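Asker: Okay, sequence plus prediction incoming.
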Amino acid sequence: MKYVLRRLLFYVIAAWASVTLAFFIPRMMPGDPTSTMFARFKGKLDPAALDDLRAAFGFTDGTLLEQYGVYLGNVLRGELGISIEYYPATVSSVIGNALVWTLVLAGVAVVISFTLGTLGGVLAAWRRGGWLDSTLPPLFVLLGAFPYFWLAMALLFVLGFQLELFPLGHAYDDRIAPEASWAFFSSVVGHAVLPAATIVLATMGAWMLDMRNTMIAVMGEDYIKLAVAKGLSPRRVMLRYAARNALLPNVTSFGMALGFVVSGSILTEIVFSYPGQGYLLLQAVQSQDYPLMQGLFLTITLAVLGANLLVDVAYAWLDPRTRQG
């Protein structure tokens, strides 16, 4: 319990730092978003309305510290403000719509990548020196060395543009109504294949190499040699003894890698015009939508922190030794 409380305190402090950065970083950017929004009306609004716009979006005449206090109180109440780009929609509703797509895309891709990478690492280590060990880890580590956006554009060009096997972008066919139907579901799956494949190819090599190296170290332990000497089947020794113990370090790296996966997902969404957090962030930056930028930064950061907290709790449950430290 003390271990969990220590980790929880750490993540609470990290969350406060994230909220603070989410407030100050957008305000360091040049320009005034309310003036930009006012200019869009091309003289149709009275100049006095600019003051009303500034007040509505939280850009008051108070000091920066006073604005921070108001913003912090609003965040604690779950009020993230009103989006400038999607006015008069609230930031929470805009982010909520995009968050569903990001969770589906990144969540499924991470699970597939972690599962395939871990299984590939187990097989490569168990057949050390064989063709699997000589082929799979180097191949996927090489693919992981390429930037996300390069892999995304390569898949988009070859499988989408040249071979026309998959759609070029978006989350589903605009001609299909978003409802609970097979046509809509199949359209969503088809549009998600290339973005998900980009994330999987870019991340699977790291899981595979880590698992392989850990498995090789574990297989040299005395209890593995004892299990083999007792005549246990190779399958049981590999899965129940070697792989189970080698998996613990990978669980820890799973939490640490989430931040990189999220950043890669953002770039992937931009390339494929996928309506998730990344594509929404690009639109927010281009339109200088401070409230939306703050809300997106906060949502992405808190999601990564929350996932890491769950990983820490899971690791403590899997390995009781951590609770004694």
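Answerer: Everything's here; your move.

Asker: Would you mind measuring from S265 to A109?
Answerer: 7 Å (C-beta to C-beta, to the nearest Å). Yep, even glycine has a C-beta here, placed from its N, CA and C like the rest.

Asker: so what sits against both of the two?
Answerer: Residues touching both S265 and A109 by C-beta atoms under 8 Å, 6 or more residues apart in numbering: I199.

Asker: pretty sure A124 is touching P137, no?
Answerer: Yes - A124 is within contact range of P137, at 5.6 Å (criterion: C-beta atoms under 8 Å).

Asker: of these two, who's got more company?
Answerer: A124 (25 against 22; other C-beta atoms under 10 Å).

Asker: Which strand or helix spans the closest residue to that one other than its chain neighbours?
Answerer: The shortest distance from A124 to any residue other than its chain neighbours is 4.3 Å, reached at D133 (C-beta to C-beta, 6 or more residues apart in numbering). Per DSSP states H and E, D133 falls inside helix 131-145.

Asker: what's that helix in contact with?
Answerer: With contacts defined as C-beta under 8 Å, 6+ apart, helix 131-145 is touched by 117, 120-121, 123-125, 127, 151, 201-206, 208-209, 212.

Asker: hang on, the earlier thing: which residues are in contact with both of A124 and P137?
Answerer: 208, 212.

Asker: one step back: pull out the buried positions in the helix holding D133.
Answerer: 132-133, 136-137, 140, 144 (16 or more other C-beta atoms under 10 Å).

Asker: Now the residues you listed in CSV, please, with extra columns for pLDDT.
Answerer: Shown next, in CSV, are those (pLDDT from 0 to 100):
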residue, pLDDT
L132, 83
D133, 83
L136, 87
P137, 86
F140, 88
G144, 84
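
Asker: Can I get these in JSON lines including distance to T301?
Answerer: Listed next are the buried residues of helix 131-145 as JSON lines, based on distance: C-beta to C-beta, whole Å:
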{"residue": "L132", "distance to T301": "38"}
{"residue": "D133", "distance to T301": "38"}
{"residue": "L136", "distance to T301": "34"}
{"residue": "P137", "distance to T301": "32"}
{"residue": "F140", "distance to T301": "28"}
{"residue": "G144", "distance to T301": "24"}
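
Asker: Just name the closest of those residues to V189, please.
Answerer: Proximity of the buried residues of helix 131-145 to V189, judged by C-beta to C-beta, is greatest for F140, which lies at 23.5 Å.

Asker: Nearest spatial neighbour of that closest one, chain-adjacent residues omitted?
Answerer: G205 (3.3 Å).

Asker: For the one you found, which residues are in contact?
Answerer: By C-beta under 8 Å, 6+ apart, G205 lies in contact with 117, 137, 139-144.

Asker: how deep is W317 tucked in, by neighbour count?
Answerer: For W317, the count of nearby residues is 11 (other C-beta under 10 Å).

Asker: buried ones in stretch 4-19?
Answerer: Buried-residue list, stretch 4-19, by 16+ other C-beta under 10 Å: 7, 11, 14-15, 18-19.

Asker: Sitting in strands, which of those do you find?
Answerer: With DSSP state E as the criterion, strands contain none of those.

Asker: what's the farthest-apart pair in those?
Answerer: R7 and V19 (18.9 Å).

Asker: which secondary structure elements does the host helix or strand of L298 contact?
Answerer: L298 belongs to helix 290-318 when assigned by DSSP H and E. Helix 290-318 sits against helix 2-27, helix 91-126, helix 244-271, helix 277-286, with contacts defined as 3 or more C-beta pairs under 8 Å, 6 or more residues apart in numbering; DSSP states H and E.

Asker: at 10 Å what do you get?
Answerer: helix 2-27, helix 33-40, helix 64-76, helix 91-126, helix 244-271, helix 277-286 (3 or more C-beta pairs under 10 Å, 6 or more residues apart in numbering; DSSP states H and E).
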